[in-house]
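Enquirer: sequence and predicted structure below; questions after.
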Amino acid sequence: MADLCSTVDTLIALHATLTTQLQDPARQLSSPEAAAIKRLKESGITVVPLKRRKGKGETQPKKKPKKDNANDDTPPKKTKAHLDKIADDRIQALLPDKLAPPLTPEELVQLVLHPTALATPEEEDAFLIQMMRGFALPEGSWTSILSAAGLHSTQKVTIETVTTNAAAEIPGQPVSLVTAESNLLSLIKTTRADTYAAEPILLCQTMSTQPAWLNLNHNDRGAHNRELYIAQHPQLFDTDQTDAQKHKMLTRNGKHSTAMNDFLRKDREPLSRVRNQVFYFGRVFGFAAVIHPAASLDSLGRRTPTLTRVSKRLHLALAKRPELRSEIKARADANLSVIREFVRGIVVVDNKDAVREFFTEFPQRVSLYDY
């Protein structure tokens, strides 16, 4: 009976202790309270800690579920430094100890007849290696080679338009960026149906607009894109509208804002991707970057983040390889002659002189091998 009374007294003391603990969780148990819990355990009674109940007006913080990393298949997000490292390693694997001979005229013809779409890393790597090697001139003329391959252009109007636009520009004082890009966008759809004739000239024109674009800040680029849309869609605007009124129609919630966004996605962004890549490739490979048929408005206009990153970092790797850099640059004159005479050999007779003039004057507009 005495033991029962002792146990009851202990339970009463424990109840008071736990009640006090709930009111003040930070308070430590006294020695008698700790001794009471110890006696209960010795008597075979398990003491389970009580959870403090939520008071009136209080909110219980939600527990975040533990992440099971072992079963998480989501790959970690790659940082810019990590992606740069991947691109640099890829470039290093492609750079040879000694540059292979340039591609022969026959090999160039086969590339024109069977162009790759740069749809796989293997196609991209072959494209980079071939641009690095450059292209050789034929021992004779291009006439027999091109005739045997059936290469010729019927797009007389396209070539004339491109070369006329180029001739209208004054070296060092090019036409406005809006005019240049508007001309390019207007010709791109026509060129896609053409043979390998107008496209190298258009790529050169695209390359030449890059410095002007890089000089624009973020706000200027937004205004430029709106001006470009207006130039491409004059029928959507009244002649008596001010520039500010036209621009307002293209911003958020404006009358043509949805159409503007579609234009940026379908037309403007592909043109930017082409310009970026042909500019960076041209900086290290010269005119080989526009000779190669895979360097097309379609293939370079698609979203290819890995190739874009490689194009931007090529000069960093070649800057550390001065001998290889010199070998590539030593083939500059040959590459320029190849592109000039190859295109002249394809176009109709009336366009031949215009093509020669274009490729004679154009090198003054761009800085190749400058890094």
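Expert: Noted; the coordinates are in hand.

Enquirer: for the chain, where's the lowest mean pLDDT among helices and strands?
Expert: helix 2-23 (a mean of 55; mean pLDDT, DSSP states H and E).

Enquirer: hmm, residue 312 is touching residue 281, no?
Expert: No - with contact defined as C-beta atoms under 8 Å, residue 312 and residue 281 do not form a contacting pair (10.1 Å). Glycine gets a C-beta too; all of them are placed from N, C-alpha and C.

Enquirer: what about those two, which has more around it?
Expert: A direct count of neighbours by other C-beta atoms under 10 Å for residue 312 and residue 281 places residue 281 higher, at 26 against 16.

Enquirer: wait, is the more buried one part of a strand?
Expert: No - under DSSP: H, G, I helix; E, B strand; the rest coil, residue 281 sits outside any strand and is assigned helix.

Enquirer: from memory it sits against residue 289, does it?
Expert: Yes - between residue 281 and residue 289 there is a contact at 3.7 Å, judged by C-beta under 8 Å.

Enquirer: give the residues shared as contacts by those two.
Expert: Residues touching both residue 281 and residue 289 (C-beta atoms under 8 Å, 6 or more residues apart in numbering) are 131, 295.

Enquirer: what segments of the stretch 201-350 of the chain are helices?
Expert: Along the stretch 201-350 of the chain, counting by DSSP state H, counting those that start in this stretch, helices occupy 210-214, 218-232, 243-248, 257-263, 269-285, 288-291, 297-301, 305-319, 322-329, 332-346.

Enquirer: residue 214: how many residues sit nearby?
Expert: With other C-beta under 10 Å as criterion, residue 214 counts 9.

Enquirer: over to residue 299?
Expert: 21.

Enquirer: now it: closest residue in space that isn't a chain neighbour?
Expert: Leaving aside its chain neighbours, residue 299 sits nearest to residue 118 (4.5 Å; criterion: C-beta to C-beta, 6 or more residues apart in numbering).

Enquirer: just to check, residue 314 is in contact with residue 284?
Expert: Yes - using C-beta under 8 Å, residue 314 is in contact with residue 284, at 4.9 Å.

Enquirer: any residues touching stretch 120-131, and which ones?
Expert: Contacts for stretch 120-131 (C-beta under 8 Å, 6+ apart): 90, 94, 100, 103, 111, 116-118, 281, 285, 288-289, 292, 294-295, 304, 306-307, 310, 314.

Enquirer: how close does the residue positioned nearest the centre of the chain get to residue 200?
Expert: When C-alpha atoms, centre = their mean is applied to the chain, the residue found nearest the centroid is residue 305 (4.2 Å). Noted for residue 305: a distance of 25 Å to residue 200, by C-beta to C-beta, to the nearest Å.

Enquirer: could I get the buried residue list for stretch 156-164?
Expert: With burial defined by 16 or more other C-beta atoms under 10 Å, the residues of stretch 156-164 counted as buried are 158, 159, 160, 161, 162, 163.

Enquirer: can those go into CSV with extra columns for secondary structure and pLDDT?
Expert: CSV is the format used below for the buried residues of stretch 156-164 (DSSP: H, G, I helix; E, B strand; the rest coil; pLDDT from 0 to 100):
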residue, secondary structure, pLDDT
158, helix, 68
159, helix, 71
160, helix, 75
161, helix, 76
162, helix, 70
163, helix, 74
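
Enquirer: how many neighbours does residue 182 have?
Expert: Residue 182 has 18 nearby residues by other C-beta under 10 Å.
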